[in-house]
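Asks: below is the sequence, then the predicted model.
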Amino acid sequence: MSKNWDLSKVRNIGISAHIDSGKTTLTERILFYTGRIHAIHDVRGKDGVGAKMDSMELEKERGITIQSAATNVQWKNTEINIIDTPGHVDFTIEVERALRVLDGAILVLCGVSGVQSQSITVDRQMRRYNVPRLAFINKLDRSGADPFRVTTALREKLRHNAVLTQLPIGLEDAHAGVVDLVTMKAYTFHGPNGEEIKVEEIPADMLEDAQKYRHELIGAAADFDDTVGEKFLMEEEPTVEELKAAIRKGVLSLDLTPVFLGSAYKNKGVQLLLDAVEDYLPCPTDVTNEGLDMDNDEARLTLPCDADKPLVALAFKLEDGRFGQLTYMRIYQGTMRKGDFIHNMANQKKVKVPRLVRMHSDDMQDIEVAYAGDIVALFGVDCASGDTFTDGTVNITMTSMFIPNAVISLAVAPKDKTGADNFTKALTKFRKEDPTFRVHRDEESNETIISGMGELHLEVYIERIKREFKCEVIAGAPQVAYRETISSPADYDYTHKKQTGGSGQFAKVMGKMVPYESETEKTYNFVNNIRGGRIPNEYIPAVDKGFQEALDKGTLIGFPIVGVQMELDDGAYHDVDSSEMAFKICAIAAFRQAYEKASPIALEPIMKLEVQAPEEFQGSVMGQINQRRGMISGTTTIEGTVTVDAEVPLTEMFGYSTDLRSATQGKAEFTMEFAKYSPVPRGIQNELAKKYQEKREAEKK
């Protein structure tokens with residue numbers, strides 16, 4: 001182990017939040033205070049430079065973060081790897097992949113809007129990967145900012161055990177700094193960039209409040225530490241070190257969320273947040289990382305964060321840099337050196353580490369060696385996002401990240417034939433980079449179809465094909481990812497017989513098709529009830545395979561089938577004429593026979609929509625949602641801004657941004673994400689079925 005690599009002084013953290021909560025601005029300030037940059041540029045800066053972490057041209061133009069950028073900073077004695085993640089739901093995979101490799105996170109909330117729809121999504125993702133977090137309530141300089149209301153929302157909406165560790169000194173225009181409830185000192189920020197911090201006694205008019213909130217903080221921390229617990233009961237004051245240790249235990253157990261305050265844009269409170277990252281968030285050894293032992297039937301095993309063990313690293317993100325493919329890796333155990341040979345567990349290829357770098361957004365510094373617990377980048381290593389690398393002595397892969405299903409598709413083609421090569425290159429590259437971006441060829445229409453998480457997701461990729469690959473693209477109308485399912489059970493009894501010269505084909509299957517609901521993402525289930533060898537065991541998987549193949553395309557509107565359980569109860573076989581192929585063909589036909597009788601229905605993706613607009617436009621916003629078959633689930637009004645929550649079919653959402661802008665003089669904004677699948681109204685289903693039948697008739701001719 002390297003002498004100067006002390007794991008207790010390493011933090012791998014992410015910064016995530018709802019769009020426009022000020023994440024990237026916060027990261028920019030962190031870079032400034034840690035000496036990584038020497039001037040501050042804002043996201044939509046007048047100087048045209050744009051924020052350091054938004055290095056893509058498109059990000060600078062749109063003022064949003066599209067790709068998560070990784071950077072490495074040093075604060076006091078601690079090495080911090082930071083990944084800035086997008087808040088926009090269409091780029092949700094960027095958040096997933098960042099949280100997959102991080103040990104801790106900062107959840108940024110807007111001091112005015114508080115907990116928004118995307119904050120809820122990000123929080124759900126953090127819970128999925130058990131990521132300990134701190135909350136930072138930003139934008140306290142804005143009118144209507146209220147950190148107490150936001151902390152209450154954290155408790156009520158996100159069910160966090162949220163506790164204030166600071167109180168604001170002034171709000172809105174008067175916001176000057178914070179009172180730290182752990183040290184019981186007042187911190188104000190001065191100088192052109194807030195780099196001069198004054199530490200003073202708490203203002204007299206705030207002392208009573210500070211004592212009250214400190215008592216609450218100690219009470220919350222007492223649950224996690226016996227020393228603080230005893231002192232709390234005896235009404236004695238714990239020391240600063242004891243209180244910090246107790247808060248840290250609460251954070252690591254995911255049962256406590258300390259809340260920090262400030263305004264990144266006005267340079268207030270950021271340095272204290274960095275201190276909190278050092279004090280409370282986990283180092284790599286505090287976190288349990290699991291891999292799958294491929295030699296032992298994918299049994300889960302814990303990987304110790306130890307540089308002397310065999311290497312295990314996860315490629316969690318790919319990016320095409322100026323010097324070729326850049327692969328971001330988190331090293332879970334072992335050591336990686338420049339010139340080493342590493343093995344890709346996905347394709348068993350052996351590759352050499354040609355160049356090892358530490359990233360700083362789009363700048364980099366070369367390093368010779370990296371140890372367990374670090375996040376680094378490699379050049380010239382061809383792989384896909386989510387591949388595991390080892391030194392070849394162990395057969396371990398990391399558990400994969402959650403990849404949501406696509407909800408929208410577009411037919412795309414290069415404008416002229418000369419661009420076909422570049423077009424193919426672009427699609428191959430984006431597929432490798434982003435597992436939620438899918439590409440397939442439609443056999444019937446011979447078109448290339450791209451699918452993704454939303455209109456903006458696909459728009460950005462089409463724009464990137466134009467810019468990065470100099471290839472103009474023609475895109476068809478967006479196509480919603482419908483699904484089909486059944487609404488009642490049905491029996492099947494099918495015999496497949498084919499007699500030609502020589503051996504024939506014979507298979508018979510009988511059973512039931514029933515509607516299937518699952519708590520997980522699973523949408524199909526196979527139940528084998530065969531007893532007494534009515535069908536030999538070796539043919540059962542072929543029946544299952546046949547059923548699964550039949551799910552690919554329903555006969556109602558031509559979309560995949562979900563929510564089906566196939567029960568195989570009986571059957572027959574022939575000693576000579578039966579084969580796996582015969583049983584597979586038989587199962588496909590039996591499935592179709594039952595499907596026609598099981599009252600098939602069409603399902604459409606329903607999106608969770610959140611619209612924020614000035615109060616005077618509430619009527620027109622709600623009217624538009626109703627026109628689009630939307631169901632409004634709630635409205636809240638804060639400081640003259642109304643937030644409308646609704647569920648709306650994705651089919652009805654095309655062109656919504658233009659309509660919303662014109663109805664609200666461009667003052668409203670919205671976010672939406674996939675919520676669930678629901679049955680399509682009967683009239684629309686008949687229309688879709690009719691179109692599908694016409695298409696099939698036309699193809700037959």
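Replies: Thanks, I have it. Predicted model only: the values in this text are computed from it and were never measured.

Asks: rest of the way, CA atoms for contacts and neighbours
Replies: Fine.

Asks: Val287 is in contact with Thr302, correct?
Replies: No - with contact defined as C-alpha atoms under 8 Å, Thr302 does not count as touching Val287 (10.2 Å).

Asks: compare neighbour counts for those two and give me the winner.
Replies: Val287 (18 against 11; other C-alpha atoms under 10 Å).

Asks: strands of the stretch 301-450 of the chain, start to end?
Replies: 312-321, 324-333, 335-337, 341-344, 350-352, 355-360, 363-366, 369-371, 375-379, 388-390, 396-398, 408-414, 438-441, 448-452 (DSSP state E, counting those that start in this stretch).

Asks: can you tell me the helix or strand for the residue lying closest to Pro605 once chain neighbours are set aside?
Replies: Sequence neighbours aside, Tyr677 is the residue nearest to Pro605 in space, at 4.6 Å (criterion: C-alpha to C-alpha, 6 or more residues apart in numbering). Per DSSP states H and E, Tyr677 falls inside strand 669-679.

Asks: paired strands for that strand, with orientation please.
Replies: Sheet pairing for strand 669-679, assigned by DSSP bridges, gives strand 600-614 (antiparallel).

Asks: mind listing what's buried in the partner strand?
Replies: Judged by neighbour count using 16 or more other C-alpha atoms under 10 Å, the buried positions of strand 600-614 are 600-614.

Asks: show residues contacting stretch 588-599.
Replies: 486-494, 509, 512-513, 546-547, 549-550 (C-alpha atoms under 8 Å, 6 or more residues apart in numbering).

Asks: mind checking the strands of the stretch 301-450 of the chain for the one nearest to Ile137?
Replies: With C-alpha to C-alpha as the measure, strand 355-360 is the member of the strands of the stretch 301-450 of the chain nearest Ile137 (25.5 Å).

Asks: run a quick neighbour tally on Ala264.
Replies: 25.

Asks: tell me who's in contact with it.
Replies: Going by C-alpha under 8 Å, 6+ apart, Ala264 touches 22, 25-26, 29, 138-139, 270.

Asks: can I get those in JSON lines with secondary structure, distance to Val439 and neighbour count?
Replies: Putting the contacts of Ala264 into JSON lines (DSSP: H, G, I helix; E, B strand; the rest coil; distance: C-alpha to C-alpha, whole Å; neighbours: other C-alpha atoms under 10 Å) gives the following:
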{"residue": "Gly22", "secondary structure": "coil", "distance to Val439": "33", "neighbour count": "23"}
{"residue": "Thr25", "secondary structure": "helix", "distance to Val439": "34", "neighbour count": "23"}
{"residue": "Leu26", "secondary structure": "helix", "distance to Val439": "36", "neighbour count": "23"}
{"residue": "Arg29", "secondary structure": "helix", "distance to Val439": "39", "neighbour count": "26"}
{"residue": "Asn138", "secondary structure": "strand", "distance to Val439": "39", "neighbour count": "29"}
{"residue": "Lys139", "secondary structure": "coil", "distance to Val439": "40", "neighbour count": "29"}
{"residue": "Val270", "secondary structure": "helix", "distance to Val439": "42", "neighbour count": "26"}
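
Asks: Tyr692: which of those is nearest?
Replies: Gly22 (46.3 Å).

Asks: what distance do you get for that closest one to Cys110?
Replies: 8 Å (C-alpha to C-alpha, to the nearest Å).

Asks: ditto for Ala490
Replies: 52 Å.

Asks: over to Ala246?
Replies: Counting by C-alpha to C-alpha, the gap from Ala246 to Cys110 is 27 Å.

Asks: so what sits against both of Gly22 and Cys110?
Replies: 138-139.

Asks: quick one: closest of the strands of the stretch 301-450 of the chain to Thr635.
Replies: strand 408-414 (27.5 Å).

Asks: and the closest one, what does it pack against?
Replies: Other elements packing on strand 408-414 under the criterion 3 or more C-alpha pairs under 8 Å, 6 or more residues apart in numbering; DSSP states H and E are helix 420-433, strand 448-452, strand 473-475, strand 479-480.

Asks: Thr302 pairs with what?
Replies: Glu290.

Asks: residues in contact with it?
Replies: 288-291.

Asks: ok, now Ala572?
Replies: Ala572 neighbours (C-alpha under 8 Å, 6+ apart): 507-509, 534-535.

Asks: skipping its backbone neighbours, what lies nearest it in space?
Replies: Lys508 (5.0 Å).

Asks: the one you found reaches His496, doesn't it?
Replies: Yes - contact criterion C-alpha under 8 Å: Lys508 and His496 qualify, at 6.1 Å.

Asks: okay, and the common contacts of those two?
Replies: Common neighbours of Lys508 and His496, counting by C-alpha under 8 Å, 6+ apart, are 583, 586.

Asks: the more surrounded of those two?
Replies: Lys508 (22 against 18).

Asks: for Gln125, phi and psi?
Replies: phi -70, psi -40 (degrees, to the nearest 10).

Asks: how far is stretch 149-158 from where the chain is centred?
Replies: Here the centre of stretch 149-158 is set off from its chain's centre by 22 Å, with C-alpha atoms, centre = their mean, to the nearest Å.

Asks: that one: which residues count as buried?
Replies: Quick answer for stretch 149-158 (16+ other C-alpha under 10 Å): 150-154, 158.

Asks: flag the least confident of those.
Replies: Model confidence across the buried residues of stretch 149-158 bottoms out at Leu158, which has 87.

Asks: re earlier: for the residue nearest to Ala572, list the residues it contacts.
Replies: Lys508 neighbours (C-alpha under 8 Å, 6+ apart): 493-496, 571-573, 583, 586.

Asks: closest to Asp6 out of these?
Replies: Using C-alpha to C-alpha, Phe583 comes nearest to Asp6 of those, at 60.2 Å.
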